[in-house]
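Colleague: Here is my input, please return the structure:
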Amino acid sequence: MDVDTGSDEDGARTTGVDWDEVRRLALSFPDTTEHVSWGAAHWRVHGKGFVWERPLRRKDLEELGLAEQDFPVLGARVDDEAVKFALVESDPDVFFTTSHFDGWSAILVRLDRISRRRLGEVVADAFLSVAPRKLADEWLRDNSD
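Modeller: I've put the predicted structure just below:
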């Protein structure tokens, strides 16, 4: 699957993305819309959220041993909790979770530490996890390698 994720001028892998890049990626998928809920951006397909801005709450900060949040966090849907735990285990500098998400198929992502290419994969997987089957199948057909 090839998602246009951008790169620096030399074509090298870059790390750290901003909300404009998330917005561009999320809205590049068919039938997606952007909404604001509780002051944070959310991107949806057919009314189902797949990625969103996720400020850390006091309890999250306490669990993570942080005094304050000094990095942007993206929430993203995943297929199931096994995927969530595999992501955290494979790259804990980028992916994490808190007890707020126990039992829920979603992962938290540090945008300051993720590459554009990896973010493209995360957003695509999130879209595919909630999109209606026909739309997901069409997107996969049109975007497979």
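Colleague: neighbours of Leu66, just the number please.
Modeller: Leu66 has 12 neighbouring residues, counting by other Cβ atoms under 10 Å. Using the backbone N, CA and C atoms, a C-beta is placed for each residue, glycine as well.
Colleague: Okay, and the nearest residue to Ser99 once chain neighbours are set aside sits in which element?
Modeller: Among residues not flanking Ser99 along the chain, Glu63 sits closest, at 6.2 Å (Cβ to Cβ, 6 or more residues apart in numbering). Under the criterion of DSSP states H and E, Glu63 resides in helix 58-64.
Colleague: quick one: buried residues of the host helix or strand of Val83?
Modeller: Element membership for Val83 (DSSP H and E) is helix 81-90. Within helix 81-90, the residues scored as buried using 16 or more other Cβ atoms under 10 Å are Glu81, Lys84, Leu87.
Colleague: Save those as a markdown table, and put in pLDDT and distance to Gly75 too.
Modeller: As requested, those are arranged in a markdown table below (pLDDT from 0 to 100; distance: Cβ to Cβ, whole Å):
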| residue | pLDDT | distance to Gly75 |
| --- | --- | --- |
| Glu81 | 94 | 14 |
| Lys84 | 95 | 11 |
| Leu87 | 96 | 13 |
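Colleague: Verify the stated contact: Ser105 with Asp80.
Modeller: Yes: counting by Cβ atoms under 8 Å, Ser105 touches Asp80, with 5.2 Å between them.
Colleague: picking that back up, C-terminal to the helix holding Glu63, what's the next element?
Modeller: strand 73-77.
Colleague: my guess is Trp52 is in a helix, correct?
Modeller: No: under DSSP: H, G, I helix; E, B strand; the rest coil, Trp52 falls outside any helix and is assigned strand.
Colleague: So what's the residue count around the spatially closest residue to it that is not a sequence neighbour?
Modeller: When the adjacent residues along the chain are set aside, Trp52 lies closest to His42, with 4.1 Å between them (Cβ to Cβ, 6+ apart). Under the neighbour criterion other Cβ under 10 Å, His42 is assigned a count of 18.
Colleague: Need the residues that contact whichever helix or strand His42 is part of.
Modeller: Here His42, judged by DSSP H and E, is contained in strand 40-45. For strand 40-45, contacts defined as Cβ atoms under 8 Å, 6 or more residues apart in numbering pick out 19, 22-23, 26-27, 29-36, 49-55, 127, 130-132, 135.
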